[in-house]
Structure formats: structure tokens, C-alpha cells
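# just the structure for this:
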Amino acid sequence: MKYYLIAGERSGDMHAANLMSAILKRDAQAEFRYFGGDAMQAVGGTLVKHYREMAFMGVWEVLMNLRTISRLLTACKKDIEVWQPDAIILVDYSGFNLRIASHIKKQNLPIKTIFYISPKVWAWNTKRAWKVKKLIDCMLCILPFEVDFYKKYDYDVHYVGNPILDAIAQFTPNPNFLAENGLTNLPTIALLPGSRKQELLKILPTMLAIVPDFPEYQFAVAGVSNVDKKLYEVCKNYPNVKIVWDSSYDLLQIAAGAVVTSGTATLETALFRVPEVVVYRTSALTYEVVKRIIKVPYISLVNLIGQKEIVKELIQKACNPQSVGKELKKVLPTGELHYQTLTKYDELKMLMGEAGASEKSADVIARFLGTTF
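Numbering: from 1, shown residues only. I've put the predicted structure just below:
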């Protein structure tokens, strides 16, 4: 069968790649074409556009790039129409992907729509769930509470587990990680600033500013090599801070604590049982808009899944070196909240279940498409 996939950022690229591998086990003749990234390319198929061209975040950033987004949408729609896939698999990235699904329905294209990693319609304007139900033929959810949420809209969805569990289960630590990255046996604090330009510009300097307050620790920044390395130049002001390229799991494997930009990495950090402080800062316009429409009490996946405060979240003005350092000290091995945090992490893991999201998703897709591979 022919599968068209769309993943608009780095984490989506990784999850889509794992799903593609699982589909290939069931359909050796599967053909893939996609908007995605390096991980998907390593599996096979044809890369049409790299997610680097698509990763816009926040109200202001989106407004500034409307023409680019419009061009990408047009190119994607035309490419789908020409290639005529049997199914389209939309991976997260809901703003873009729901527009593609809408186009398929409006044009009555004979293409089954599958969404992997549900849009966060439960976070704001929950009535959008009716639209999602109309546009998406098969919904694969990765957060346990999403099944009950969609039941309110008479929409049967599939909870397949979380693909992050798959990625961690497949991870093999590098035994030479410390030596290869110039790190010593001192306890390590990991700084995970994200992979988007806006995150690196707004959040990384705040993370680095806490370094002098922790002389007994060494610091390492989780760097991403496929963004402009000039965005990491602020690290040069801290000569003892190392940048670890494309090895965040190896870094978390040895970390005693972490400061993490809100996103997928917050959950990854928790599943590695690394005590963390979650931070976030965006443009003033984006923040003012979002805080008026958001319907959930937390921003981190850790707290959303646990449905309580498991990790401290410092947002916007609260995301400052003094507050970050203060909260981090509480969860480090000598802090008063260290063991409490680890216990909550274990409860979180129980809620999420076992690895196997990619395999379960591939099984659901095969049944949905009525294929026997």
C-alpha cells in the first residue's frame, strides 16, 4: 500500500520513523512518501520536505511566516493529489495536518485519514473535537486520558501507548559517552532547551545563568545539530559547560537533575527518572493569547498525564535564573523533594503502561485499512 506521512518537527520525525518500521514488518511492499526528517529518511521512501522548513511556534512566529506556511500547504496538497496514496498518516503537528485532512475531505479524495498523536483539542476550544471526528477516519492516541475525553463526543479512538516508551526501550547507552564529550565523573545537570530557534533564543540563556550557583555539578546542554549552531554561541560565556550533540538520552542516562523546556523532553526526562524543573517562555503576544484560551492547569506532559503537579513549571516571568535555581535545588539528590519526585515518576510510569506504541499502531492501521499482510 501507499502511505503518505506528515511530521512537522523532530519528535514527530522520530515517532513516524518507528511507525514506518512497524508497518514494514506487516507490509513489506509498503511505499512511503512524506514531509518529515532524517529519521524517516533512514527507514526509506521519499522525503518531499524536511521539517526544518515547517517548525514555526507561537502566534507571533506563525503570523510572521504565514506565506511560507501557505506555500507548504499548497505544495503538500498538490503532492498528495498527484501521488494518490491509499492512506495518509498525520503525525502530531495539528495546525498543518488538520488543514490537510480537511482538504482531503472537501475534495472527496479516496484517501483514508489516520492521525497518530492526537491534536491537543482537550487543552483549548474542546468543541474542535467534533471537527476532528469529522475529518479523521482513525485516531491513534498516546495519552491515557484522551480516550475518555473523546467519548464525550461519541468518537471511538485507540489508545496505543506512548511512542516515547518505544524510543527509550530501544535506547542503548554509549559506554564512552563521558569521555567522548569531555565530561568527568562529577554529578551532571542536564539542560534541555528544545530544538526550535525561538526556544533556544529565549530559554537557553536563562538555563545557563544558573550554572555559577551549582559549583559542585558539571553542566551539559543537549544540542541538536540540525539547527543553526550559532544559536548555541551563548554557551561560550560558560567555558565549563559542554554541548552534547544529538545524544539527549545518553545525557539523561547519567544526569542527576535537569532543567527542561516544556515539550516531549519533559516526559522523556521523567521516564529516565531524572528530577527536573520545567521552564517555558515565549513571545508576549503568544503568551497573552494562549493564557486566555487554555483549558488545562499544566503545560508539561508529565503533569498532564499524572493530572497533578509532579514537576515544577516555571512559565514566562517565573522562568528566571533565581526561581529555576531555587526549584532545581529542591529536587536534586540533596533536596527535600528528591525522593518524592522519584515516587511520583514511578506512578506516572504505571499510568502509561508498557512500550509497543509503534507495533500497536501498525496493527490498528492494518485492521482499519482491511488489509492482511
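# Lys78: how many residues sit nearby?
Neighbour count for Lys78, taken as other C-beta atoms under 10 Å: 10. C-beta here means a position set from N, CA and C on the backbone, and glycine is covered the same way.
# check the one 3 residues further on too.
Glu81 is flanked by 13 other residues according to other C-beta under 10 Å.
# which stretch of helix or strand covers it?
Using DSSP states H and E, Glu81 sits within helix 66-83.
# restrict that helix to CA atoms and write it as CSV.
The C-alpha trace of helix 66-83 is given here as CSV (Å, rounded to 0.1, in the frame of the first residue of the first chain):
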residue,chain,number,x,y,z
LEU,A,66,2.1,32.8,7.0
ARG,A,67,3.2,33.0,3.4
THR,A,68,5.7,30.2,3.9
ILE,A,69,3.1,28.0,5.7
SER,A,70,0.6,28.7,2.9
ARG,A,71,3.1,27.7,0.2
LEU,A,72,3.9,24.5,2.1
LEU,A,73,0.3,23.6,2.5
THR,A,74,-0.3,24.1,-1.2
ALA,A,75,2.7,22.1,-2.2
CYS,A,76,1.6,19.3,0.2
LYS,A,77,-1.9,19.2,-1.2
LYS,A,78,-0.7,19.0,-4.8
ASP,A,79,1.8,16.3,-4.0
ILE,A,80,-0.8,14.2,-2.3
GLU,A,81,-3.2,14.5,-5.2
VAL,A,82,-0.5,13.6,-7.7
TRP,A,83,0.8,10.6,-5.7
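# what's in contact with that helix?
2, 4, 6, 33, 35, 48-49, 53-54, 56, 62, 88, 96, 99-100, 103-104, 107, 109, 111 (C-beta atoms under 8 Å, 6 or more residues apart in numbering).
# what about 6 Å?
Tyr4, Arg33, Val48, Arg99, His103 (C-beta atoms under 6 Å, 6 or more residues apart in numbering).
# do the same with stretch 99-119
73, 77, 85, 87-92, 94, 135-142, 146.
# now, these that are in strands?
Using DSSP state E, the members of these that fall within strands are Ala87, Ile88, Ile89, Leu90, Val91, Cys138, Met139, Leu140, Cys141.
# show me where the chain dips below the pLDDT cut-off.
Applying pLDDT under 70 to the chain flags residues 55-66, 285-293, 295, 371-373.
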